[in-house]
Every structure is written in structure tokens, then in C-alpha cells.
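[1] Provided below for reference: sequence and predicted model.
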Amino acid sequence: MPKQKKNKFVLGITGNIACGKSTVAAIFKTKDCQLIDADCLGHELLPMGTGVYRKIRKSFGQGILDPDNSINRVKLAKIVFSDKKALAKLNGIVYPVLIKEIKRLIKN
């Protein structure tokens, strides 16, 4: 008999801070589900040399960099979470690349 394909479901877990997202993700992990952590993927887009890094540096300037020229996420967060236009600019840089990577991982 031919092997049946399993149905593939894609679920997103969203919510506010401390609402249980990590707990739910841990439960899915015990059930052998593939997890794609968008926060972790987003952090992986920031290293020096990436296109995202260059665009963020150009858009937000030297003031967001640590002495080693890596992006200081705390400094960047202070800017974008106090200015809706700055947050929209950051999201416009990061989200297209992040979404593309998530889609690639879902297909595999």
C-alpha cells in the first residue's frame, strides 16, 4: 500500500507578554511538531553583513550600534517603541525577509 501523506497544519501562536505562548509551544514540541519561532528568526537576521543589518544601520544610524558594530537591540527598541513611524520603518525592513524565511521553512 502507498504511504499516506500526513495533513500539514500551520498554526500561529500570538498574544501578549506572559500569556502562555511559550508553554503552548513547549506542548507542541512534545508532540513532535515543527516549531518556527519568529522572534528567534528575526534575531538571526541582524548579524553584521546581512541585508537587514545594512538597512537598519542606514535607517537608524550609528547610535544603535555597540562598540563592535553589532546592533544593540535595546537601543533600537527605545527608538522604535517610542515612535510609530520608526517602528513602521523597522517592520518594513525586517518583516518581508522574515516572512519569506518562514514560508521557506513551512514548505520544507
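    Sure thing, it's come through.
[2] and the end-to-end length of stretch 64-80?
    Stretch 64-80 has an end-to-end distance of 11 Å (criterion: CA to CA, to the nearest Å).
[3] so what touches that stretch?
    43, 46-48, 53, 56-57, 60, 63, 86-87, 89-90 (CB atoms under 8 Å, 6 or more residues apart in numbering). Any C-beta I mention is one placed from the backbone N, CA and C, and that applies to glycine too.
[4] show me what counts as buried in that stretch.
    Ile64, Leu65, Ile71, Leu76, Ile79, Val80 (16 or more other CB atoms under 10 Å).
[5] which residues in the protein form helices?
    For the chain, the helices defined by DSSP state H occupy 21-30, 38-44, 51-60, 73-80, 84-107.
[6] which one of the contacts of stretch 64-80 is nearest Glu101?
    Nearest to Glu101 among the contacts of stretch 64-80 is His43, at 12.0 Å by CB to CB.
[7] could you check how far that closest one is from Lys31?
    25 Å (CB to CB, to the nearest Å).
[8] neighbour count: the two, which is higher?
    More neighbours surround His43 than the other of His43 and Lys31, with 12 against 6 (other CB atoms under 10 Å).
[9] state the distance from the spatially closest residue to the more buried one that is not a sequence neighbour to Leu90.
    Distance criterion CB to CB, 6 or more residues apart in numbering; nearest residue to His43, sequence neighbours excluded, is Arg73 at 7.8 Å. Arg73 sits 11 Å away from Leu90, going by CB to CB.
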